[in-house]
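*Asks:* Structure for this input, please:
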Amino acid sequence: MSKRFILINTIFAIVMLTVWLAARSILCSLGIWQEDIAGAESLTTDQFILAIINIFTNGLLLLIWSSCLTLYGIACLTLLRLDELPLGQKILLGFGIGLVEMCLVTFILGWLGWLSQSIMIGLIIIMALFGLFMLRNHLKNIFTFSKFVSSEKSIWLTALLIPIASLAFMASMLPSGILWHDDGKGYDVLEYHLQLPKEYTQMGQITERPHNVFSYMPENMEMLYLVAMLIKSDHIEGMYLGKILNWLLAVCLLVAVFQFTCQWSRTGAIIATLAIAGPQLFFVSTIAYVETLMLLMFTLGLGCAFKMTSCLDEQRWTYALLSGIFIGAACGTKYTALVMAAPIVAIVVLMITKWHWQTFGIFLFALCLTFSPWLIKNAILTGNPVFPLAAKTLGQHHWSDEQVDRWNQSVQAKLSDEEIEKGIIYSKIKKLLQQLLLPKYYGGVCIIAGLILLVARKAISQRVVMILLLGFCIQLLFWTGFTHLQSRFLLFILIPLAFLIAMLWSHIQSFILKKALVAITIVFTTFHLLICVDAYATSTKLPTSQYGFFPLVFRDEIIAAAYPFSDPLEIQLNKKCLFVGEARPFYTLCDVVYHTVYDHCELNERLASEEIVANVIRWLNDEGITHMYVDWNEVNRLHKNYNFAPAITPDAIKKLEQAGLRLIERQTLARYPIELYEVK
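*Replies:* Here you go, the predicted structure:
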């Protein structure tokens, strides 16, 4: 059954990917979509062939890269005497160990100034050779696929994930900056998740970047994007490899949820996997965010903690060590894991070991080991290990009091005047309920988990169930009270809910109720797919087109054209552009001076001091700046939301024009103009 299952689902996945790639062409040719000539472009044969070639080359490269990391990780598991793990868990834990090692070694090499394509490829080869050497007598026994797939009929339900997974794969091959209007088209991706690895690649080292405050944040996922750019020897091509890796991490997350929850019920584990594969996970898996790595590490850490319930006594410290390593890696991906993930796993470890402090000490040691490099880096650079957090308490480095206040205000919930009038608590609870009940957010998994809790309510008294419910409540309280209420900040709830669903499934006695819950899950899975298809179609609908699914796979030139000096066919030497308002220079190929909304803006300071405009032009010349790019849409947004750079106004720029600034290009497609000036 396992071979048939793999073969059928592989064919199904290829068919679905082909359907998504050619969806526009198919629907237009059938006459279902009636496009006018201006918007009728579909995927041409040449574009389709090029897309297939790029899919194959990037997919093959990712397969080799991930296989090398997995071999290394499995070799480490062998050294830890965990040879008897189920195949699925062994592959996932091995891949997880390889990822953690790759992140931290890349950071150390970058800190030493040893970043190059040859060094990265050499590192991956060394990890693979180490794995092959350690496993030279076990390779035949490790990869036995008959052990990998369950023989239960319910495993066929996982085929429901193939349409949404294949759509996510295609979406991951689109250039960053196109998808998801509701999330600013992945603004953070082009501002720092990809931009900082680009800068590190260009410099050949990891150093302080005072113009981008996010360089002081933990950067585990950014290290993987950095490796992708070094492997491809180009930040644009590396973006595609990194985005497909991000998609792979989301797939591994779903597999990990199944593998580490099937100990309670295989059907329950499948229901849990289907339930969490909703729109929010789909969105973060298609653009270069960091949440997929963080959630995978959280799942592996929690899974290792629960492995301690059935392992030998001498293996408990090993699982505690692995759990700490993975949770430390999650914290090293994003600070929010310190509150939303680490406490849950820590309490589970304490409960399972019956408050055995030595085992818990191993867990904490491993957590600190993998998380501390980022704290040490910040302590060296700024004196504050968690800068820019707790800036007024632990040190604010180069920041002014005004910058600290701006940062602190930005991480709070942004409510409209109408919402404030209704009451802050009321408005926050309303937003939370929307997240928990609407299918486009987390309604599917929350409703399924709620129904199972209701049906199996007698099992709620179990300690582990209560701990997971407590962790879920902590996550909700933290999101509501201490974040700016973005949907993806609530992704953490997927993990405890998934474990709860699988754990409680075996406590449902009624066969009819189980069938009803399976049917409800199928309905939600279908609804999730429709939501994602609609969101993708909306994001890929160009102004000249009535319908979406515009052929944008691997076509970065379309989005890059929105930024200055992004054409690779033009020589961009001896050009240095100052970005004003805009903080996403990823596609720009010349030298760039920019800053985020939280960082120091010298142009604003000089204009605010009423300095003679000729001196401002002289300063631009002294800095070697040849051009100035002003996005008035961003300038006005930052004025309104952050009270940032108030001295930068159209009148101020007109004065600079009189002193030697020359307008050479003006775009008026958006609400406010976007202007490019030459500095004389």
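
*Asks:* What's the local residue count around residue 579?
*Replies:* Other residues near residue 579 number 21, with proximity taken as other C-beta atoms under 10 Å. For the C-beta atoms, the positions are set from N, CA and C on the backbone; glycine is no exception.

*Asks:* so where is the stretch 551-680 of the chain shaky, pLDDT-wise?
*Replies:* For the stretch 551-680 of the chain, the stretches flagged by pLDDT under 70 are 572.

*Asks:* ranges for the strands of it?
*Replies:* Using DSSP state E, counting those that start in this stretch, the strands of the stretch 551-680 of the chain run over 576-580, 591-593, 627-631, 661-667, 674-679.

*Asks:* longest single helix anywhere in the chain?
*Replies:* helix 45-79 (DSSP state H).

*Asks:* gap between it and the chain center?
*Replies:* Averaging C-alpha positions (C-alpha atoms, centre = their mean, to the nearest Å) puts helix 45-79 19 Å from its chain's average.

*Asks:* Now do the helix or strand following it and helix 45-79, the angle between them.
*Replies:* Sequence-wise, the next helix or strand downstream of helix 45-79 (DSSP states H and E) is helix 87-111. Here helix 87-111 runs at an angle of 100 degrees relative to helix 45-79 (axes from the mean of the first three to the mean of the last three C-alpha atoms, to 10 degrees).

*Asks:* Off-centre distance for the host helix or strand of residue 241?
*Replies:* Here residue 241 is covered by helix 235-261, with elements defined by DSSP H and E. When distances are taken as C-alpha atoms, centre = their mean, helix 235-261 is centred 9 Å away from the chain's centroid.

*Asks:* for stretch 371-385, same thing?
*Replies:* Centroid separation for stretch 371-385 versus its chain: 23 Å, with C-alpha atoms, centre = their mean.

*Asks:* what does stretch 581-599 give?
*Replies:* The answer for stretch 581-599 is 21 Å, by C-alpha atoms, centre = their mean.

*Asks:* could I get it in CSV with only the CA atoms?
*Replies:* Extracted in CSV, the C-alpha atoms of stretch 581-599 (Å, rounded to 0.1, in the frame of the first residue of the first chain):
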residue,chain,number,x,y,z
GLY,A,581,10.4,56.9,2.7
GLU,A,582,11.0,53.7,0.9
ALA,A,583,12.9,51.0,2.9
ARG,A,584,12.8,48.1,0.5
PRO,A,585,15.9,48.3,-1.8
PHE,A,586,16.1,44.5,-2.4
TYR,A,587,15.7,44.7,-6.1
THR,A,588,17.9,47.8,-6.6
LEU,A,589,21.3,46.8,-8.1
CYS,A,590,23.3,50.0,-7.4
ASP,A,591,24.6,51.2,-4.0
VAL,A,592,21.8,52.2,-1.8
VAL,A,593,21.5,54.4,1.3
TYR,A,594,18.3,53.7,3.2
HIS,A,595,16.9,53.3,6.8
THR,A,596,13.9,51.8,8.4
VAL,A,597,11.2,54.0,10.1
TYR,A,598,12.9,53.4,13.5
ASP,A,599,16.3,54.4,12.5
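
*Asks:* mind listing what's buried in that stretch?
*Replies:* In terms of neighbour count (16 or more other C-beta atoms under 10 Å), stretch 581-599 has its buried residues at 581-599.

*Asks:* Now do the same contact list for the residue nearest to residue 69 when sequence neighbours are not counted.
*Replies:* Using C-beta to C-beta, 6 or more residues apart in numbering and skipping the chain neighbours, the partner closest in space to residue 69 is residue 98 (2.8 Å). By C-beta atoms under 8 Å, 6 or more residues apart in numbering, the residues touching residue 98 are 66, 68-73, 127.

*Asks:* Quick check: residue 98 vs residue 160, distance?
*Replies:* Separation of residue 98 from residue 160 (C-beta to C-beta, to the nearest Å): 29 Å.

*Asks:* ok, now residue 563?
*Replies:* 39 Å.

*Asks:* Of these two, give the one with the bigger neighbour count.
*Replies:* residue 563 (22 against 19).

*Asks:* thinking that one is in contact with residue 583, fair?
*Replies:* No. The pair residue 563 and residue 583 fails to qualify as a contact (C-beta atoms under 8 Å) at a distance of 11.5 Å.

*Asks:* pLDDT weak spots in this protein?
*Replies:* Within the chain, the ranges that satisfy pLDDT under 70 run 1, 35-45, 138-153, 572.

*Asks:* what are the phi and psi values for residue 81?
*Replies:* Note on residue 81: its backbone torsions stand at phi 60, psi 40 [degrees, to the nearest 10].

*Asks:* For residue 367, see how far away it is.
*Replies:* Distance from residue 81 to residue 367, by C-beta to C-beta: 22 Å.

*Asks:* Excluding its own residues, what touches stretch 48-61? List them.
*Replies:* Contacts for stretch 48-61 (C-beta under 8 Å, 6+ apart): 17, 21-22, 43, 173, 231, 240-241, 244, 553-554.

*Asks:* Just the ones in helices from those, please.
*Replies:* Per DSSP H, these map to helices at 17, 21, 231, 240-241, 244.

*Asks:* Run a quick neighbour tally on residue 506.
*Replies:* For residue 506, using other C-beta under 10 Å, the count is 14.

*Asks:* How about the contacts made by the nearest residue to it once chain neighbours are set aside?
*Replies:* The spatial neighbour of residue 506 that comes closest, neighbours along the chain excluded (C-beta to C-beta, 6+ apart), is residue 265 at 4.5 Å. For residue 265, the contact set (C-beta under 8 Å, 6+ apart) comprises 502, 505-506.

*Asks:* thinking again about what came up before, which among the contacts of stretch 48-61 gets closest to residue 116?
*Replies:* Closest approach between these and residue 116, by C-beta to C-beta: residue 231, at 10.7 Å.

*Asks:* neighbours around the closest one, how many?
*Replies:* 20.

*Asks:* before we move on, the earlier item: mind listing what's buried in the longest helix of the chain?
*Replies:* 47-48, 51, 54-55, 58, 61-62, 65-78.

*Asks:* got it, and stretch 366-384?
*Replies:* Buried, per 16+ other C-beta under 10 Å, within stretch 366-384: 366-367, 369-371, 373-375, 377-379, 381-382, 384.

*Asks:* for stretch 204-220, same thing?
*Replies:* 206, 209-220.

*Asks:* same deal with stretch 458-474?
*Replies:* 459, 464-465, 467-469, 471-472, 474.

*Asks:* now do stretch 623-639
*Replies:* 625-632, 634-635, 637-639.

*Asks:* Over to stretch 476-487?
*Replies:* Applying 16+ other C-beta under 10 Å to stretch 476-487 flags 476, 478-480, 483, 485, 487 as buried.

*Asks:* Among the ones in helices among the contacts of stretch 48-61, which one lies nearest to residue 609?
*Replies:* So of the ones in helices among the contacts of stretch 48-61, ranked by how close each gets to residue 609 (C-beta to C-beta), first place is residue 240, at 44.4 Å.
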